[in-house]
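Colleague: Just to be clear, the model below is a prediction. Sequence and coordinates:
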Amino acid sequence: IPEEAASGEKKKKRVKKSIKAYKIYIFKVLNQIYLDIRISSKAMGIMNRFINDIFEKLAWEASRLARYKKKPTITSWEIQTIVRLGTSW
């Protein structure tokens, strides 16, 4: 019998966070605005992390608002309210 099972403690599984890549979209927007400018892979990685961070913070604030309103789901209303409030992240 393994030690964890003997002591009654279960090992928690780590959940890998899914990270969305916005590189393609950043590149398309950059090309629409500045046709002759390129972006380094390091700068692209920073922009990608920035966008992921913004979306994560928006979702977190919207979920807090939904919990405050005692709603089980996040709707577009919560997202729009958080964006309008421009919370100090």
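Modeller: Received the coordinates, thanks. Numbering: from 1, shown residues only.

Colleague: which residues touch the residue most central in space within the chain?
Modeller: Averaging the C-alpha coordinates of the chain gives a centre point, and the residue nearest to it by C-alpha atoms, centre = their mean is Glu56 (2.9 Å). Applying C-beta atoms under 8 Å, 6 or more residues apart in numbering, we find Glu56 in contact with no residue. Any C-beta I mention is one placed from the backbone N, CA and C, and that applies to glycine too.

Colleague: And the helix or strand harbouring it, what's buried?
Modeller: Assigned by DSSP states H and E, Glu56 belongs to helix 41-68. Of the residues in helix 41-68, those buried under the neighbour-count criterion (16 or more other C-beta atoms under 10 Å) are 44, 47-48, 51, 58, 61-62, 65-66.

Colleague: Then stretch 73-89?
Modeller: Counting neighbours by 16+ other C-beta under 10 Å, the buried set in stretch 73-89 is 74, 78-79, 82.

Colleague: From those residues, which land in helices?
Modeller: Cross-referencing the buried residues of stretch 73-89 against helices under DSSP state H gives 78-79, 82.

Colleague: nearest to Lys23, of those residues?
Modeller: Proximity of these to Lys23, judged by C-beta to C-beta, is greatest for Ile79, which lies at 23.4 Å.

Colleague: Can you read off the pLDDT for the closest one?
Modeller: According to the prediction, Ile79 has pLDDT 80.

Colleague: For Ser41, see how far away it is.
Modeller: Distance, Ile79 to Ser41, by C-beta to C-beta, to the nearest Å: 31 Å.

Colleague: Check Lys20 too.
Modeller: Shown here: Lys20 relative to Ser41, a distance of 17 Å by C-beta to C-beta.

Colleague: Kindly report the same for Leu65.
Modeller: For Leu65, the distance to Ser41 equals 36 Å [C-beta to C-beta].

Colleague: can you list the weak-confidence ranges in this structure?
Modeller: By pLDDT under 70, the low-scoring segments of the chain are 1-9, 16-19, 87-89.
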